[in-house]
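requesting a structural model of the entry that follows:
(one chain, ligands or ions: 1)
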Amino acid sequence: MTILNVLKFANAVKSAHKPSHTQIEKFSSYVKYAEHKALEKIRNIGISAHIDSGKTTLTERILFYTGRIDSMHEVKGKDNVGAVMDSMELERQRGITIQSAATYTIWKDHNINIIDTPGHVDFTVEVERALRVLDGAVLVLCAVGGVQSQTLTVNRQMKRYNVPCLAFINKLDRLGANPDRVLKQLRSKMNHNAAFLHLPIGLEKDCQGILELIEERAVYFDGDFGEKVRYDEVPKDRRAEVQERRHELIEHLSNVDETLGELFLEEKTPTVADIKKAVRSTALKRTFTPVLLGTALKNRGVQPLLDAVLEYLPHPGQVENTAIINEANGEGETIILDPARDGKKPFVGLAFKLEVSKFGQLTYLRCYQGMLKRGDNIFNARTGKKVKISRLVRMHSSNMEEVSEVFAGDIFALFGVDCASGDTFVNDGKLELSMESIHVPDPVVSMAIRPKNSKDRDNFSKAVARFTKEDPTFQFRYDGDNKETIVSGMGELHLEIYAQRMEREYNCPVELGKPKVAFRETMMSPCSFDYLHKKQSGGAGQFARVSGIMEPLPPHQNTMLEFVDETVGTNIPKQFVPGVERGFLDTCQKGYLTGHKISGVKFRLQDGAHHIVDSSELAFFLAAKGAVKDVFEEGAWQVLEPIMYVEVTMPEEFHGTVIGQLNKRGGIITGNEGSEGWTTVYAEVPLNNMFGYAGELRSVTQGKGEFSMEYSRYSPCLPDVQEQLIRKYQEEMGILPDKKKNKN
Ligand code: GDP
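Numbering: from 1, shown residues only. Prediction:
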């Protein structure tokens, strides 16, 4: 409990003589928080959804009911305070949450850490990072919109990280709300073995509460803010329906839970405890998805959702987390981290989010093993750097609370730690251990960017420095030939959002160019080089000779570059080798075929020559550049393009049309799935062919089709695309055609 809270509480006691019930509850919850919590009393959860499903509103209600905030504000409401979780101006304006803020709260003596995951497809790195540190998630769906494109993306990510989830169908109060349809979509569009745990008591404007199927009772939410939960009997006219849907729930569970399955076959009635146990164990295995109902805006169903989080989502001890030991020495060994909160094992933590807040630079970490106290030293396992922990804090949206220690399972933040997100921290400098690094896709779209006013250059640089540090998929480079600054990222919106943040947060309005697909250039076969750089025009001369082989890396490494120094002896003095490497990397920034980055190439420096007086690092830098140019002239090169995983879901009758369209866009269909009148098509399509797809899909499926897209890999593009790119580049550069033949 912070001193401030003690004072606040004391003041309340003084002024009112008798503290209110909520004040007492709040006070005791702070005290409890300071206690050492058992593993079973911790939940690390995320809330994921398609934009506008009500994730922010729901989070805010959760914080309100759990006593963390005193009042509620509507997102996009008239008051300009905005929802507490949306701490950024832009988010407030758009009503979407971009940054994943971690906040904690307490419900029924359990600590709940909520990692607010961003909703848009272009921010997948943040979603994935958040999902890594979660033990469970709530998937929010709109009762009208149902399963939407982003729901499909989030669903796929949850599958990838094996995150158990609950579905919450929100907005029961909206005109056209139809939770039955959403449940069907969960089953048909996303292949979940899902069933209701709740039924609504009235829909749209008549929405009064919910019926709990397991307990067979009605739940109402009284008081101005629905804060008083009242249980009652199921109304007479709904009893048959409750029985029927309860039976449906048991049936779905019986299919995947052995114990319940046996009872079902023997026609025995399972107890409430039996059913809950089955829901818990199947949700944990992701073989069943419990579906809950409510409306966050109208304050219905939020407390039962919180109860379900405690009841059915796993605690940190139920989720296995691993780390790799001694990876640097080749094959690393995978070890299982010990979630026990006794602090006996060495500390292992993962930095999953960097944020510049009003308090300064914050790094969010999750502790996976051991414990950490204020004053301890920890080491960044990647860089070996030591960090002294002077302050440990927990964040509640934009407020901060100091703590003296944290244990396995806790989420916390540190000040002023210099690291990248995804870095592992340990408290033993000799422990060469890292949590598997987060899957970070390569940026696939780029745009030219420039500040509208040249006076804003400083702010522009500051903004770029911060954003590129926070988000590894947001990259920045200067293109010296066209004299433009290029940003690249995971999609158009991704880059647009950063442009807007530059204006809002850094007072630096910017102009963006047209989006361009980030093609790459690579070699098709090995090619040797022997290049002499020599210049003697008065003054100090320049002399450097490099020879070796440039060769393609295997396809799975075609976005990387590798430099190896295989020289023996002193023909190239060691101090000049870095110059060669820099020359190689620098030239790869812009290929000669189409002007795109070179990647998937290994530069093997094998020999060379130097001059006692005239050699310098610069001379070797230029020699390496000359060598790459030679190899370009001599070798066979090709263009690579980003290929996307595309998932399209639509009513069955449009199946043929959708496949036809994907084929026309150069897509390769990789799979098909369908049930209950809906079909999902999986395909791989070049990103370059995906512009305008959303509109096309909408028009041929009467607005019913949804799709999501995710980066898969780089692959050689078709010869005609390559030809076009080369021709366009030659025109731009004023190069005569055929000067360099395309050897594909
Ligand atoms: P997010 O984008 O998923 O974070 O969604 P928000 O919480 O920003 O909500 C989007 C919009 O839906 C806002 O205008 C909310 O007021 C509204 N909203 C949220 N929950 C409900 C609900 O239960 N019912 C209705 N009718 N509107 C809601």
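
for the residue in the stretch 551-700 of the chain that the ligand sits nearest to, what are phi and psi?
Proximity of the stretch 551-700 of the chain to the ligand (CB to the nearest ligand atom) peaks at residue 694, 18.5 Å away. Backbone N, C-alpha and C define where each C-beta goes, glycine included. With angles defined as degrees, to the nearest 10, residue 694 sits at phi -50, psi -50.

and it, what pLDDT?
Among the per-residue scores, residue 694 shows a pLDDT of 79.

wait, isn't it in contact with residue 706?
No - Residue 694 sits out of contact with residue 706 when judged by CB atoms under 8 Å, with a separation of 9.6 Å.

among the two, which residue is more densely surrounded?
residue 706 (25 against 14; other CB atoms under 10 Å).

strands of the stretch 501-650 of the chain, start to end?
For the stretch 501-650 of the chain, strands defined by DSSP state E, counting those that start in this stretch occupy the ranges 510-512, 516-517, 520-523, 527-535, 542-552, 561-565, 597-598, 601-609, 637-651.

now the stretch 151-300 of the chain
In the stretch 151-300 of the chain, the segments counted as strands under DSSP E, counting those that start in this stretch are 165-170, 194-196, 198-201, 209-212, 217-222, 228-232, 289-293.

would you mind finding the most buried of those?
strand 165-170 (a mean of 27; mean count of other CB atoms under 10 Å).

now it - C-alpha only, CSV.
The C-alpha trace of strand 165-170 is given here as CSV (Å, rounded to 0.1, in the frame of the first residue of the first chain):
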residue,chain,number,x,y,z
CYS,A,165,-9.3,-18.3,-23.9
LEU,A,166,-12.8,-17.4,-22.9
ALA,A,167,-15.1,-15.7,-25.4
PHE,A,168,-17.1,-12.7,-24.2
ILE,A,169,-19.9,-11.6,-26.5
ASN,A,170,-20.3,-8.0,-25.8
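
and that strand, what does it pack onto?
helix 55-65, strand 136-142, helix 179-188, strand 289-293, helix 302-312 (3 or more CB pairs under 8 Å, 6 or more residues apart in numbering; DSSP states H and E).

again, 6 Å this time
If you count contacts as 3 or more CB pairs under 6 Å, 6 or more residues apart in numbering; DSSP states H and E, strand 165-170 packs onto strand 136-142, strand 289-293.

between it and helix 179-188, how many degrees?
Here strand 165-170 runs at an angle of 150 degrees relative to helix 179-188 (axes from the mean of the first three to the mean of the last three CA atoms, to 10 degrees).

from the chain's centroid, how far away is strand 165-170?
19 Å (CA atoms, centre = their mean, to the nearest Å).

same deal with stretch 292-307?
That offset, for stretch 292-307, works out to 26 Å (CA atoms, centre = their mean).

now the residue of the stretch 551-700 of the chain closest to the ligand: closest residue in space, sequence neighbours ignored.
Excluding the flanking residues, the one nearest residue 694 by CB to CB, 6 or more residues apart in numbering is residue 707, at 7.2 Å.

and residue 655, what's its pLDDT?
The model's pLDDT for residue 655 equals 92.

give me the number of residues near residue 710?
Neighbour tally, residue 710, other CB under 10 Å: 16.

give me the angle between the helix or strand where it lies and helix 179-188.
For residue 710, the enclosing helix or strand under DSSP states H and E is strand 706-716. Relative orientation of strand 706-716 and helix 179-188, computed by the same axes, to 10 degrees: 20 degrees.

count of residues packed around residue 342?
The burial count for residue 342: 12, using other CB under 10 Å.

so residue 469 sits in a strand?
No - counting by DSSP: H, G, I helix; E, B strand; the rest coil, one finds residue 469 to be helix, located in no strand.

worst-scoring helix or strand of this protein, pLDDT-wise?
Here the helix or strand of the chain ranked lowest by mean pLDDT, DSSP states H and E is helix 3-16, holding a mean of 37.

next one: whatever residue of the stretch 101-250 of the chain ends up closest to the ligand from residue 289, what distance?
Residue nearest to the ligand within the stretch 101-250 of the chain (CB to the nearest ligand atom): residue 171, separated by 3.8 Å. According to CB to CB, to the nearest Å, residue 171 stands 19 Å off from residue 289.

go on, residue 159?
Per CB to CB, residue 159 is found 12 Å from residue 289.

repeat that for residue 679.
Taking CB to CB, one finds residue 679 at 20 Å from residue 289.

also residue 697?
Separation of residue 697 from residue 289 (CB to CB): 26 Å.

again with residue 552
Distance from residue 552 to residue 289, by CB to CB: 45 Å.

just to revisit the earlier point, can you flag the weakest of the strands of the stretch 501-650 of the chain by average pLDDT?
The lowest average pLDDT among these, as it happens, falls on strand 516-517, at a mean of 86.

name the strands paired with that strand and say parallel or antiparallel.
strand 445-451 (antiparallel) (DSSP bridges).

quick one: residues in contact with the partner strand.
Strand 445-451 is contacted from outside by 460, 484-488, 491, 495, 508, 510-513, 515-516, 518, using CB atoms under 6 Å, 6 or more residues apart in numbering.

please, which helix or strand holds the closest residue to residue 663 other than its chain neighbours?
For residue 663, ignoring the flanking residues on the chain, the nearest one in space by CB to CB, 6+ apart is residue 669 at 7.6 Å. Using DSSP H and E, residue 669 sits in strand 668-675.

that older thread, between the strands of the stretch 501-650 of the chain, which gets nearest to residue 455?
Closest approach to residue 455 among those is made by strand 510-512 (13.1 Å; CB to CB).

for that closest one, which strands pair with it and how are they oriented?
As assigned by DSSP bridges, strand 510-512 forms pairs with strand 445-451 (antiparallel).

what's the least confident stretch among the helices and strands packed on strand 165-170?
strand 136-142 (a mean of 92).

could I get the contacting residues of residue 147?
Neighbouring residues of residue 147 by CB under 6 Å, 6+ apart: 185, 189.

and it, backbone torsions?
Torsion angles, degrees, to the nearest 10, at residue 147: phi -80, psi 120.

for it, give me the pLDDT.
With respect to pLDDT, residue 147 has a value of 84.

can I get the helices and strands packed on strand 165-170 in a markdown table with distance to the ligand?
Shown next, in a markdown table, are those (distance: least, CB to the nearest ligand atom, whole Å):
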| stretch | distance to the ligand |
| --- | --- |
| strand 136-142 | 6 |
| strand 289-293 | 10 |
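
need those in JSON lines with distance to residue 574, can you?
Shown next, in JSON lines, are these (distance: least, CB to CB, whole Å):
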{"stretch": "strand 136-142", "distance to residue 574": "52"}
{"stretch": "strand 289-293", "distance to residue 574": "60"}
